[in-house]
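> for reference, the sequence and a predicted model appear below.
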Amino acid sequence: MSRLHLFNPENDIALATDLPHFTPPRAAIQLAESLATLPAWWADPDDLILCSPGDTTWLRDNGLLVEAFNAGSKPSSVAPWGWSRYTRTLLARKGVDSSLLPSDAQLDDIRTLSHRRLTAEVYRLLSDDPLPYPLPPAPLETDNITLIDSLLHESRSLFIKSPWSSSGRGIINTTTASPEQTLRLAQGVIRRQGSVMVEVALDKVVDFAMLYDVTDSGVVFRGLSLFYNEAHSTYAGNILGSPSFLNSLLCRYVDIDSVEATKLSVADTLTRLLYGRYRGPVGVDMLVYRAADGSLCIAPCVEVNLRMTMGRVAHELHARHLSAEFTGLMQLRHGNSPADSDIYMRLNPPGHPFSMVIRALSDADIAY
């Protein structure tokens, strides 16, 4: 019983297009090719990876007992980074049996659930089961430019988000865009995707996420993800460490009771929204923010990702390949830098435009 893994980071863009055939941006193509072997770090022995056959030597040299998929391979299931019509087409073109691929109805449901309105649904359900801290304002979905203009006059600190987008793309920060530019961009998103999500900008202190699996028996909590974003919300890196270590870092800002209550309430909410409609990994992005009175609170749902995430990669990597005591930082780097003295471990073969590496955790990183 072997699974076929595929790293397809363009999946969020593919969900936005909803097309079986399209050409991803060049950067997404380069990232997919550079990190094609990344699933080997969470795959089981004898699983299959959709990658170049030449990469298998590098995989085995690093103790990863997986094989490259070929036309004669017979996986029992398929586990891409995420599902879309484009992903199904790509896998079918590679020779994956159609019986292992989702139907049109299943893909429609995944796309519907991947819409950013899911965050508003999470907040609606969380408000029915009060948490030990106040909830921030829930996101608002709208296709009304007049309403957006009115909200801009009330507050210059908003995020206006596309229903489907990836890695910080499709997010308008009204503190850096003029009202005229904001309205023009929002109108374009509404024309292409039908609506936008409007959120009040919070005074962010730290980013984090909670990781879950939706299984046949329910929603299972897998762990925490503590991560860094660069400007424009693009991914910068994940802290690696034991569950207790990650908890200790997060609890520098909020108490453990609030963390535990969030974990349980969000799991219950995901059960009500996803169980029976989606099966696979889920990452719920959250943040700690400073409220108007100066207190630190949790925003328990900034985004819901119905796919693998870099946070889940960090979790699986630490659990499967590193000692319980190890702490480090997993980073995506542009350019190949095999001679960097700070690299503890490389997660993809050298010679690619992008590298995923692990380095030791510095004092500056610990000041998470």
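Good, I have the coordinates. Only a predicted model underlies this, so the values are computations on that prediction, with no experimental measurement involved.
> the residue nearest to Leu273 when sequence neighbours are not counted: how many residues sit nearby?
In this structure, Leu273 finds its nearest non-sequential neighbour in Glu121, 5.9 Å apart by Cβ to Cβ, 6 or more residues apart in numbering. For glycine as for every other residue, the C-beta is placed from the backbone atoms N, C-alpha and C. Applying other Cβ atoms under 10 Å, we find 18 residues neighbouring Glu121.
> go on, Thr309?
Using other Cβ under 10 Å, Thr309 has 23 other residues around it.
> doesn't Leu211 make contact with it?
Yes: counting by Cβ atoms under 8 Å, Thr309 does reach Leu211; the two are 7.4 Å apart.
> list residues touching both of the two?
Jointly contacting Thr309 and Leu211 under the rule Cβ atoms under 8 Å, 6 or more residues apart in numbering are Ser225, Pro281, Gly283.
> of the residues you listed, closest to Thr56?
Lowest distance from Thr56 to these (Cβ to Cβ) belongs to Pro281, with 24.9 Å.
> distance check, that closest one against Glu316.
Relative to Glu316, Pro281 is positioned 10 Å away (criterion: Cβ to Cβ, to the nearest Å).
> higher neighbour count, those two?
Just comparing Pro281 and Glu316: by other Cβ under 10 Å the higher neighbour count belongs to Pro281, 23 against 19.
> quick check, the more buried one in a strand?
Yes: the assignment for Pro281 by DSSP: H, G, I helix; E, B strand; the rest coil puts it in a strand.
> identify the residues contacting it.
Pro281 neighbours (Cβ under 8 Å, 6+ apart): Leu211, Tyr212, Asp213, Arg222, Arg307, Met308, Thr309, Arg312.
> now with 6 Å, please.
Residues in contact with Pro281 (Cβ atoms under 6 Å, 6 or more residues apart in numbering) are Asp213, Met308, Arg312.
> and the first one, which of the three is it?
Look at Asp213: counting by three-state DSSP, its state is strand.
> can you pull out the helices in the stretch 101-250 of the chain?
Using DSSP state H, counting those that start in this stretch, the helices found in the stretch 101-250 of the chain span residues 104-114, 117-126, 145-154, 179-193, 243-250.
> would you confirm that Pro24 contacts Pro9?
No: shown here, Pro24 and Pro9 do not form a contact pair, counting by Cβ atoms under 6 Å, at 8.7 Å.
> more neighbours: these two, which one.
The neighbour count for Pro24 versus Pro9, taken as other Cβ under 10 Å, is higher for Pro9 (25 against 18).
> thinking again about what came up before, let's see if you can find the most crowded of the contacts of Pro281.
Using other Cβ under 10 Å as the neighbour test, these are led by Met308, with 26 neighbours.
> I'd like the distance between it and Ser73.
To Ser73, Met308 is 21 Å away according to Cβ to Cβ.
> where does this structure dip in pLDDT?
167-168, 231-233, 336-340, 366-368 (pLDDT under 70).
> switch to 50 and redo it
338 (pLDDT under 50).
> spatially nearest residue to the residue nearest in space to the middle of it (excluding sequence neighbours)?
Note on the chain: the residue nearest the mean C-alpha position is Thr309, at 3.7 Å, using Cα atoms, centre = their mean. Sequence neighbours aside, Gly283 is the residue nearest to Thr309 in space, at 3.8 Å (criterion: Cβ to Cβ, 6+ apart).
> mind listing the residues bridging to that neighbour?
For Gly283, the beta-bridge partners under DSSP bridges are Leu211, Asn305.
> wait, what's in contact with it?
Ala209, Leu211, Asn305, Thr309, Gly311.
> make TSV from these and add distance to Leu158 to it.
Output for the contacts of Gly283, formatted as TSV (distance: Cβ to Cβ, whole Å):
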residue	distance to Leu158
Ala209	22
Leu211	28
Asn305	22
Thr309	25
Gly311	26
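> and which of these is nearest to Arg191?
Arg191 lies nearest to Asn305 out of the contacts of Gly283, by Cβ to Cβ, at 25.2 Å.
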